[in-house]
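Colleague: kindly return the folded structure for what I paste below:
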Amino acid sequence: FAASPSPIYLYNWLRDSSFAAMALQDANHLNSAYKYWIWESNIFSSNSWYTRYNFYNGEPDKNFGIPELDSIGLFQIGVYNYFQITHNYSFLTSILPALNKTIQYEITQINNSKFNLMPEDLSVWESNMGYNFWTQSIDDIGLYDSSLIYQYLGINNSMIRFYENLLNKSIIKYFWDGKY
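Modeller: Numbers count the residues shown, from 1 in each chain. As a prediction, the model looks like this:
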């Protein structure tokens, strides 16, 4: 399920489509949103993911190499929001392998960064490679929501909470206090 505005768009951009899926689920189009999150969880279950996918066949656009890491947090936010609406535990367990991969990726990146931030990306404006507030904050919210998913599933979330807090403090330090 593409969750894309129209075929004219030609691609399913993970960021844009995540917002579309959240709008669908908030409008009670739960089956469409479910299909999207399952489709995206299959993408995140692989060893790599891309910024956009072909609208018609779902294949990744490997020639479009823009790193947009906010899609990770948006996936986490979206599935948590879906669960809050549906209380569907089987949905959570079905996306758990993908969720685990996204969390592990974020933890690794935050831990390996001298700033304890997600890596530089082109973010929402697609024009400046850097540590963008948008990406950092969306991934922070995504980690927070992921910790709540773990809590609902009875899984220890202390490591996620630790790295979410670390990322949050780095956002305050480098963006709010202006030390970046």
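
Colleague: contacting residues for the spatially most central residue of the chain?
Modeller: Nearest to the geometric centre of the chain sits residue 72, at 2.2 Å (Cα atoms, centre = their mean). Going by Cβ atoms under 8 Å, 6 or more residues apart in numbering, residue 72 touches 44, 102, 105, 106, 139, 142. The way it works is simple: take the backbone N, C-alpha and C, and place the C-beta from them, glycine included.

Colleague: farthest-apart pair in these, please.
Modeller: 44 and 139 (13.5 Å; Cβ to Cβ).

Colleague: more neighbours: these two, which one.
Modeller: residue 139 (29 against 21; other Cβ atoms under 10 Å).

Colleague: nearest residue to the more buried one other than its sequence neighbours?
Modeller: Closest residue in space to residue 139, ignoring its immediate chain neighbours: residue 73 at 3.9 Å, by Cβ to Cβ, 6 or more residues apart in numbering.

Colleague: make sure residue 12 is indeed in a strand.
Modeller: Yes - assignment of residue 12 by DSSP: H, G, I helix; E, B strand; the rest coil places it within a strand.

Colleague: pretty sure it contacts residue 58?
Modeller: Yes - Residue 12 lies in contact with residue 58 (Cβ atoms under 8 Å); the separation is 7.4 Å.

Colleague: quick one, which of these two is more surrounded?
Modeller: Legend: neighbour count by other Cβ under 10 Å for residue 12 and residue 58, higher for residue 12 (25 against 13).

Colleague: can you check which helix is longest in the protein?
Modeller: Counting residues, the longest helix found in the chain (DSSP state H) is helix 89-112.

Colleague: so which elements touch it?
Modeller: Counting contacts by 3 or more Cβ pairs under 8 Å, 6 or more residues apart in numbering; DSSP states H and E, helix 89-112 packs against helix 30-44, helix 70-86, helix 133-153, helix 158-171.

Colleague: pick the most deeply packed of the ones you listed.
Modeller: Ranked by average neighbour count under the criterion mean count of other Cβ atoms under 10 Å, these are headed by helix 70-86 at a mean of 23.

Colleague: alpha carbons of it, as CSV, please.
Modeller: C-alpha atoms of helix 70-86 as CSV (Å, rounded to 0.1, in the frame of the first residue of the first chain):
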residue,chain,number,x,y,z
ASP,A,70,13.4,11.2,9.9
SER,A,71,11.5,8.3,8.2
ILE,A,72,12.8,6.1,11.0
GLY,A,73,11.2,8.2,13.7
LEU,A,74,8.0,8.7,11.7
PHE,A,75,7.6,4.9,11.4
GLN,A,76,7.9,4.5,15.2
ILE,A,77,5.5,7.4,15.8
GLY,A,78,3.0,6.1,13.3
VAL,A,79,2.9,2.5,14.6
TYR,A,80,2.5,3.8,18.2
ASN,A,81,-0.3,6.1,17.1
TYR,A,82,-1.9,3.2,15.2
PHE,A,83,-1.7,1.0,18.4
GLN,A,84,-3.2,3.8,20.5
ILE,A,85,-6.2,3.9,18.2
THR,A,86,-6.7,0.2,17.7
